[in-house]
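S.K.: Quick one, structure for this:
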Amino acid sequence: AAPELAVTLRELVRDGLDDLLSGPGYHPAGLPELREAIAGYLTRNGLPTAHDEIVVTTGAHQGLVLVTELYVSQGATVLVESPNWPGCLDVFRSAGARLVTVPLDEEGPEIHTLGVLLRERRPSLLYLMPTYHNPTGVLMSAARRRRIAELAAEHEVPVLEDNAYMTYHAESGAVPAPLAAYAPPG
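M.R.: Below is the predicted model:
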């Protein structure tokens with residue numbers, strides 16, 4: 001685990017354990033304090049978010065499965081970047097999706113190809129990793145994020161933005177805004 005996790009857990013046990021143990025401990029959408037913190041983090045990084053818009057999962061894989069269950073049915077088309085993280089491809093395939101790939105360039109999904117595929121294939125879902133794409137490491141530009149958000153809205157395609165690597169960006173001193181920040185109401 002990240003070194004920060006050990007520090008945070010020690011602080012929690014020292015300063016917050018009694019509060020955590022005072023309630024029922026059952027929070028289907030996640031610990032309320034954590035949902036508030038995540039909403040604040042997203043808001044500070046360009047995407048106004050309320051705590052009730054947050055569902056905490058046990059990790060990216062569980063989030064991916066939940067979204068797939070909501071949007072992908074047998075035979076549905078899912079657009080994915082190529083190359084891509086094999087874990088997401090397995091989840092989509094197990095749901096019976098037809099995967100259609102969009103090649104990457106130095107800024108992310110090749111925009112012309114993406115536009116054509118959105119128009120011609122009418123996908124049920126667009127899965128992207130705009131922030132330090134796995135496995136390429138590509139960091140999508142703000143202009144590319146904006147254009148993809150416009151295309152997704154135009155074609156009414158939900159976007160599953162996998163931001164497992166959304167973190168402080170050393171060059172700019174900021175975290176890139178999520179794609180939804182470019183498509184109010186996100």
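S.K.: was I right about T68 contacting F92?
M.R.: Yes: counting by Cβ atoms under 8 Å, F92 is a contact partner of T68 at 6.3 Å. No exception for glycine: its C-beta is placed from N, CA and C like everyone else's.
S.K.: Leaving out chain neighbours, which residue sits closest to R93?
M.R.: L99 (7.0 Å; Cβ to Cβ, 6 or more residues apart in numbering).
S.K.: burial measure for the one you found, as a count.
M.R.: By the measure other Cβ atoms under 10 Å, the count of residues near L99 is 16.
S.K.: and it, what element?
M.R.: strand 98-105 (DSSP states H and E).
S.K.: Paired strands for that strand, with orientation please.
M.R.: Strand pairing for strand 98-105, using DSSP bridges, gives strand 77-82 (parallel), strand 108-109 (antiparallel).
S.K.: Name the residues of that strand that are buried.
M.R.: Residues of strand 98-105 classed as buried: L99, T101, V102, L104 (neighbour count, 16 or more other Cβ atoms under 10 Å).
S.K.: Now do the contacts for the third one.
M.R.: Put plainly, it is V102. Going by Cβ atoms under 8 Å, 6 or more residues apart in numbering, V102 touches L79, V80, E81, S82, P109, E110, T113, L114, L117.
S.K.: Scan these and report the most crowded one.
M.R.: Neighbour max across the contacts of V102 (other Cβ under 10 Å) = P109, 29 neighbours.
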